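Novice: Give me coordinates for this.
(6 chains, ligands or ions: 6)
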Amino acid sequence: MDLLDLALGNLLSPIILCFALGLFAALARSDLTIPEAVAKGMSIYLLFAIGFKGGVAVDTAGFSGTLVGALLAGVFLSFALPLIAFGLLRVMTALSTLDAAAVAAHYGSISIVTFVAGTSVLDSAGLTYDGWMVAVAAAMEAPAILSALWLVARSGSGRQMDSDLWREILLNGSIVLLVGSFAIGWITGPEGLARIESFIVSPFQGVLCLFLLDMGLVAGRGLRGARGILRPGLLAFGILMPLIGATAGAAAGVGLGLGTGSVMLMMVLGASASYIAVPAAMRVALPEANPSVYLTLSLGVTFPFNLTLGLAIYLAVARMLTGG
Amino acid sequence: MDLLDLALGNLLSPIILCFALGLFAALARSDLTIPEAVAKGMSIYLLFAIGFKGGVAVDTAGFSGTLVGALLAGVFLSFALPLIAFGLLRVMTALSTLDAAAVAAHYGSISIVTFVAGTSVLDSAGLTYDGWMVAVAAAMEAPAILSALWLVARSGSGRQMDSDLWREILLNGSIVLLVGSFAIGWITGPEGLARIESFIVSPFQGVLCLFLLDMGLVAGRGLRGARGILRPGLLAFGILMPLIGATAGAAAGVGLGLGTGSVMLMMVLGASASYIAVPAAMRVALPEANPSVYLTLSLGVTFPFNLTLGLAIYLAVARMLTGG
Amino acid sequence: MDLLDLALGNLLSPIILCFALGLFAALARSDLTIPEAVAKGMSIYLLFAIGFKGGVAVDTAGFSGTLVGALLAGVFLSFALPLIAFGLLRVMTALSTLDAAAVAAHYGSISIVTFVAGTSVLDSAGLTYDGWMVAVAAAMEAPAILSALWLVARSGSGRQMDSDLWREILLNGSIVLLVGSFAIGWITGPEGLARIESFIVSPFQGVLCLFLLDMGLVAGRGLRGARGILRPGLLAFGILMPLIGATAGAAAGVGLGLGTGSVMLMMVLGASASYIAVPAAMRVALPEANPSVYLTLSLGVTFPFNLTLGLAIYLAVARMLTGG
Amino acid sequence: MQTHPAKRVEIIIEEMMESRLCEALLKAGVKGFTVLPVHGGSGRSGHWTRAGQIGRAGGMRAVVCIVRPEALDTLLNAAFSVVERHIGVVSIVDCEVLRAERF
Amino acid sequence: MQTHPAKRVEIIIEEMMESRLCEALLKAGVKGFTVLPVHGGSGRSGHWTRAGQIGRAGGMRAVVCIVRPEALDTLLNAAFSVVERHIGVVSIVDCEVLRAERF
Amino acid sequence: MQTHPAKRVEIIIEEMMESRLCEALLKAGVKGFTVLPVHGGSGRSGHWTRAGQIGRAGGMRAVVCIVRPEALDTLLNAAFSVVERHIGVVSIVDCEVLRAERF
Ligand SMILES: Nc1ncnc2c1ncn2[C@@H]1O[C@H](COP(=O)(O)O)[C@@H](O)[C@H]1O
Ligand SMILES: Nc1ncnc2c1ncn2[C@@H]1O[C@H](COP(=O)(O)O)[C@@H](O)[C@H]1O
Ligand SMILES: Nc1ncnc2c1ncn2[C@@H]1O[C@H](COP(=O)(O)O)[C@@H](O)[C@H]1O
Ligand code: NA
Ligand code: NA
Ligand code: NA
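Specialist: Ligands and ions are numbered 1, 2, ... in the order given. Sure, this is the predicted structure:
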């Protein structure tokens, strides 16, 4: 299967088509909406299911040194990528230090839905991956926020970290749920999974479809309202930066000797940008930064790019690099 | 199986009993409620599932001329039925032109839940139907609104159609979701279905049960508050009109040479009255029309009638007409 | 399997670990929350599923005299337990008559989620129980409220029962849904179950997991805000009273000659304290009673105790008593 | 634009009492009111929020009622008879309304 | 703390008309507004609540808009042009605001 | 019915800052407040609604706080210290309350 076939196969999968439907409905100004509570419920379901399955996989495969290496690599990437992103933004766009730092934080962190979509592409390609990659994803959520705060502090402005902010960053809902369900899956193992399998395994792809429909609606609404913000430089950054992040992820994955599937997921983590945890942290830590810039870029440009073209590219490259 | 058996079998199915439970709870003024967000979430699920399965069915069975014929017949029925309804209302009731036109619009349009309940009656009777009937349902949602506006314009009052109103009518959430998921099902075909089957096929009947529980609650609350409105003439209309609509649907279905199942669904589409899309459009286009009249009639009289007796009658007649 | 093994096995099941995760997240002040609408939706699902399955079980096993005996015993327990609780509270704590009566009402009534967790412990121990025990649960919800009102009336204060209050108590949402779905399950029997099995049976344990996550969050938030309220005497009551209730339940169960599983469930009903139906009734009937006292005690102390240690104890005792 | 003086009464009350308050208001001849959901709050009985709650005991509602000045006293008496023994807050503001015939 | 006089306008309107009202307000030069969900209410068209509804026809919204006193009339005209034929309530209150430059 | 003068302060603020504002209010000696959900709004940072959102970054809350007139300044200072660098709106209205001892 060559790159084009792969890209097309991915583009014509139900989850991408659902995203496209949402995007279309929002851009066409249809009144289709998914209630906030339902969208949040679905995201809780997805986090719980992906964490639990990851924990069970670690219980089955056993704990390994590679896992620790991958965790450290993930944390390092999350700290380092915002610095690259910040440098690029200062060169490619006219954003202020503050806005640039806020955007940079998003690109060091990760998008769990892009990760999930990546695992689903691997599944349909018949490839396996290490269950603990979901722990790497959790570890990469927060460090990027600290890098961004450091970038701002260096330039003299910015708020001091207080203990509330620390707690909000390290114990934010998605980290707690992901790590918690990972631990539960690890403790209860395959017997635990057997009891809730028909809840978290079989309906998973279907829930992901409806969730991506909502993501498409939200992204589309964002794009509609933000035509003035998306200048060429910013747009180019939103597509260039995931490719850089994916390259860094690939280097880490190959360096650690991971298999094809896990290298691809490492690339996805490097490439994806946060749109839930980091924006919330930015509203507290850097309230003067403009939320429409970072939300539009992360959700309206990078997320669709990764979902439609990125995943296919990362898989092809991961295959090439690992001979898988 | 004769008509009585059929009616009884239908009346004692879980979905109808759930509706009855909701009706009872509301009339007895229990505080049982289903949160609005959950109800909306279920209706999104049902629309998505029914649309997707319809699209897959077309992909499997292939596109046919009959499909185009059925679509055209559906659009024609949706335009024509309001004119009959309007005439009847002016004779049978004391409603003003405005109120009569608003009510008429509901009866030209359709109720997707009645349609779904119809497919579930067919399933338990072991009969098949054409997957694209769901596309006919989507096509019949909107034309009736235009007929009603024309009826009002003719009488000199009424608002001019503006482009916002056009968009709201043609791109309302349920049409976009139904047509969109139909298209996704058609594109991804049986492989797409295989990936999300355990989300949209197996739990479908169960979700329908809980959804009908909510419909019963809403209908019951409406009836409780609307005793003053439901005069004999109006009540009679709410039961006579679905029978007329079903007759028209039967004529169209038999004329097109459809099978037993599809003729029955065509009758259901003719017989059912909208209570989501059309009321919303009426609040914008004919705000002076009294919403309690049309909501009570459609949701409190015609919907329960179709669900309990109507479906059994339509199936028996469809069998008789097609020898199925 | 001895008591310790059983307790540990229960403690390490996914549902208890999910509850613990919620408790931890709330105590650590994570911002993890489950939207109210989703939590309510899950509780409606659980009530519907447990009621329906109970009804089907009665249809399969046939109606029996024991069922009537168990219902009467349940109603008697629900009336009597508040009197014991009230006496204990007056001795062990400094609560006013009003507060003591309000707390007492909770312990005569039941917690359906504790009941469900009990059935799930039985399932993993490979034990069966009578399907109609869910009807006993429904019958025990309300009588305790009347006992509490009588206790208050005796002391001269308190509000007169009006017909609204009667209706609210007897037709509260959870009773109507439980009894209603029980009736629907009974009427439609195994064929009805077959149609919605993959909705109400297979995903049940998984939904219970997420629901207990939310219960942990709510209990943890309650405990955090109520450090001042939980004095030693009250705390001791919160653990002693379920043991007394379980003893009474055991006596009733053995007296009626029930099997091991049903005796255990009878103990669970006696031991568990309400936190949905009774608090709502108390806000209407005894508004001067302090809600933080009864909510903290029931949800923050007794519920976790039953879930973690209680269930294992009750099962061990039920086995001993019935030789099962 | 022509406006008319009126009173805006806001009653924050327990969800369980909502239906009783609404009935009392209607019985007192009030022509309309609007009920807003409440997400959380704080008072003598502590701090609470609605997130993830499953019972109805904890929740509150805000009922907003706009009346002609001369109807205020009847409204307050009706509201007070319900609120009296319950937690909750009643506040009154002078306002101006369009379309006075509606109140 | 330094405060400045302003007007607080509250418009209770059908959900279906929300987007039209918001557009009219923005076109009239209003600098901002906040939309609150409404749980239920009562009026000449009867009593309703949102619980378990699936359509959008029944719902309402409360739109709160704070403006400088001199902008009130433009706002009311804009709002009235939308509300005119629809059910709904408009009330105006004198208020004080911090950070007047925002309005 | 006997009423007493008070001040009704309404603070529209980002959801992320809700807990900080509530703590600041309590620390400033406020006896209670009520938090209302917000469905959407418009301002200098554009138009938004809550429909289908999954993050918490976008949402807002309306915090309503009724205080005795003499407590107003402490409240405003406390609120302002939180709101200062954030988007949001503070408005104050004269009102009358029942049961003054509660405020
Ligand atoms: N001063 C106040 N301003 C606004 N709302 C209040 C105030 N005091 C109490 N409340 C509301 O009324 C509820 C009950 O108050 P309390 O009876 O003092 O516990 C609180 O949770 C708040 O929602
Ligand atoms: N006097 C009032 N005070 C507050 N809200 C009102 C009032 N009258 C009507 N409403 C609101 O406006 C809606 C429609 O009113 P109506 O057009 O009178 O049916 C009601 O459902 C209430 O939400
Ligand atoms: N004049 C106003 N009246 C009412 N709410 C406002 C006003 N201006 C801003 N808001 C609210 O405050 C939020 C942020 O405003 P801004 O900082 O101007 O973007 C808006 O989304 C509105 O919810
Ligand atoms: Na990244
Ligand atoms: Na029709
Ligand atoms: Na009990």
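
Novice: all helices in the stretch 51-200 of chain A, in order from the N-terminus.
Specialist: A:65-92, A:97-108, A:112-124, A:133-139, A:143-154, A:163-170, A:173-200 (DSSP state H, counting those that start in this stretch).

Novice: Repeat that for chain D.
Specialist: Secondary structure of chain D (DSSP state H): helices located at D:18-27, D:72-83.

Novice: Kindly list the single helix or strand of chain D that scores lowest on mean pLDDT.
Specialist: strand D:46-49 (a mean of 81; mean pLDDT, DSSP states H and E).

Novice: hang on, the earlier thing: now render the helices of the stretch 51-200 of chain A as TSV, adding mean pLDDT, mean neighbour count and distance to chain C.
Specialist: (C-beta placed from N, C-alpha, C; glycine too.) As requested, the helices of the stretch 51-200 of chain A are arranged in TSV below (pLDDT from 0 to 100; neighbours: other CB atoms under 10 Å in any protein chain shown; distance: least, CB to the nearest CB, whole Å):
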stretch	mean pLDDT	mean neighbour count	distance to chain C
helix A:65-92	97	19	20
helix A:97-108	96	28	18
helix A:112-124	94	22	14
helix A:133-139	95	26	13
helix A:143-154	93	22	14
helix A:163-170	83	15	6
helix A:173-200	94	22	2
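
Novice: mind putting those in TSV, distance to B:Pro287 included?
Specialist: Shown next, in TSV, are the helices of the stretch 51-200 of chain A (distance: least, CB to CB, whole Å):
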stretch	distance to B:Pro287
helix A:65-92	49
helix A:97-108	44
helix A:112-124	40
helix A:133-139	50
helix A:143-154	49
helix A:163-170	45
helix A:173-200	42
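
Novice: Figure out which of those helices is closest to E:Ile66.
Specialist: helix A:97-108 (27.6 Å; CB to CB).

Novice: between the closest one and helix A:65-92, how big is the angle?
Specialist: 150 degrees (axes from the mean of the first three to the mean of the last three CA atoms, to 10 degrees).

Novice: Can you spell out which helices and strands pack onto helix A:97-108?
Specialist: Packing contacts for helix A:97-108, counted by 3 or more CB pairs under 8 Å, 6 or more residues apart in numbering or on different chains; DSSP states H and E, involve helix A:65-92, helix A:143-154, helix A:232-255, helix A:277-285, helix A:291-295.

Novice: by how many degrees do it and helix A:277-285 diverge?
Specialist: 150 degrees.

Novice: So out of everything in chain A, what residue is nearest chain E?
Specialist: Closest residue of chain A to chain E, CB to the nearest CB: A:Asp31 (7.3 Å).

Novice: Any residues of chain D in contact with chain F? List them.
Specialist: D:10, D:12, D:36-44, D:47, D:49, D:60, D:62, D:73, D:76-77, D:80, D:83, D:89-94 (CB under 8 Å from any CB of the partner chain).

Novice: And the stretch 201-324 of chain A, by the same measure?
Specialist: Residues of the stretch 201-324 of chain A lying near chain F (CB under 8 Å from any CB): A:214, A:217-218, A:225-226, A:275-277, A:279-280, A:282-284, A:287-288, A:290-292, A:295.

Novice: Give me the buried stretch members for stretch D:46-59, please.
Specialist: Buried residues in stretch D:46-59, counted by 16 or more other CB atoms under 10 Å in any protein chain shown: D:47-59.

Novice: Is it positioned near chain C?
Specialist: Yes - using CB under 8 Å from any CB, stretch D:46-59 comes into contact with chain C via D:46-58.

Novice: nearest spatial neighbour of A:Pro203, skipping sequence neighbours?
Specialist: B:Phe199 (4.1 Å; CB to CB, 6 or more residues apart in numbering or on different chains).

Novice: so the one you found sits right up against A:Phe211, yeah?
Specialist: No - here B:Phe199 does not reach A:Phe211: they are 11.4 Å apart, not a contact under CB atoms under 8 Å.

Novice: And the pLDDT at D:Arg102?
Specialist: Listed pLDDT for D:Arg102 reads 81.

Novice: ok, it - contacts?
Specialist: D:Arg102 makes contact with D:31-32, E:43-44, E:89, according to CB atoms under 8 Å, 6 or more residues apart in numbering or on different chains.

Novice: residues near A:Ala236, how many?
Specialist: 14 (other CB atoms under 10 Å in any protein chain shown).

Novice: and the residue nearest to A:Val179 when sequence neighbours are not counted, how far is that from A:Ala20?
Specialist: Distances taken as CB to CB, 6+ apart place A:Ala138 nearest to A:Val179, at 5.1 Å, with adjacent residues excluded. According to CB to CB, to the nearest Å, A:Ala138 stands 29 Å off from A:Ala20.

Novice: likewise A:Pro203?
Specialist: 22 Å.

Novice: what about the strands in chain D?
Specialist: Taking DSSP state E as the criterion, chain D contains strands spanning D:4-14, D:33-37, D:40-43, D:46-49, D:60-67, D:88-97.

Novice: is any part of the last one close to ligand 1?
Specialist: This means strand D:88-97. Yes - applying CB under 6 Å from any ligand atom, one finds that strand D:88-97 is in contact with ligand 1 at D:88-89.

Novice: gap between that strand and the chain center?
Specialist: Relative to the centre of its chain, strand D:88-97 is centred 9 Å away, using CA atoms, centre = their mean, to the nearest Å.

Novice: what's the neighbour count on the nearest residue to D:His47 once chain neighbours are set aside?
Specialist: On the basis of CB to CB, 6+ apart, the spatially nearest residue to D:His47 that is not a chain neighbour turns out to be C:Gly225, at 6.2 Å. Neighbouring residues of C:Gly225 were enumerated by other CB under 10 Å; the total is 16.

Novice: Is it correct that C:Gly225 is in contact with C:Ser292?
Specialist: Yes - contact status for C:Gly225 versus C:Ser292: in contact at 7.3 Å, counting by CB under 8 Å.

Novice: Need the residues touching each of these two.
Specialist: With CB under 8 Å, 6+ apart as the test, C:Gly225 and C:Ser292 both reach D:Gly46.

Novice: picking up where we left off before, please pick the buried ones from the residues of chain D next to chain F.
Specialist: Applying 16+ other CB under 10 Å to these, the neighbour count classes D:10, D:12, D:36-43, D:47, D:49, D:60, D:62, D:76, D:83, D:89-94 as buried.

Novice: For the stretch 51-200 of chain A, which residue gets nearest to chain F?
Specialist: A:Asp164 (7.2 Å).

Novice: Number of residues surrounding the closest residue to that residue other than its chain neighbours?
Specialist: Nearest non-adjacent residue to A:Asp164, counting by CB to CB, 6+ apart: F:Arg20, 7.2 Å away. Close neighbours of F:Arg20, defined as other CB under 10 Å, add up to 19.

Novice: which parts of chain D sit against chain C?
Specialist: D:14, D:16-17, D:20, D:45-58, D:85-87.

Novice: Also within reach of ligand 3: list those from those.
Specialist: Contacts with ligand 3 are made by none of the residues of chain D next to chain C, judged by CB under 6 Å from any ligand atom.

Novice: tally of neighbours for A:Gly255?
Specialist: 12.

Novice: Tell me which residues touch the residue lying closest to it once chain neighbours are set aside, please.
Specialist: Of all residues not flanking A:Gly255 in the chain, A:Ala73 sits nearest, at 7.6 Å (CB to CB, 6+ apart). Each residue near A:Ala73 by CB under 8 Å, 6+ apart is listed here: A:136, A:252, A:255-256, A:266.

Novice: ok, so of those residues, who is nearest ligand 1?
Specialist: A:Val136 (42.6 Å; CB to the nearest ligand atom).

Novice: Quick one: residues contacting the closest one.
Specialist: A:Val136 touches A:70-71, A:73-74, A:265-266, A:269, counting by CB under 8 Å, 6+ apart.
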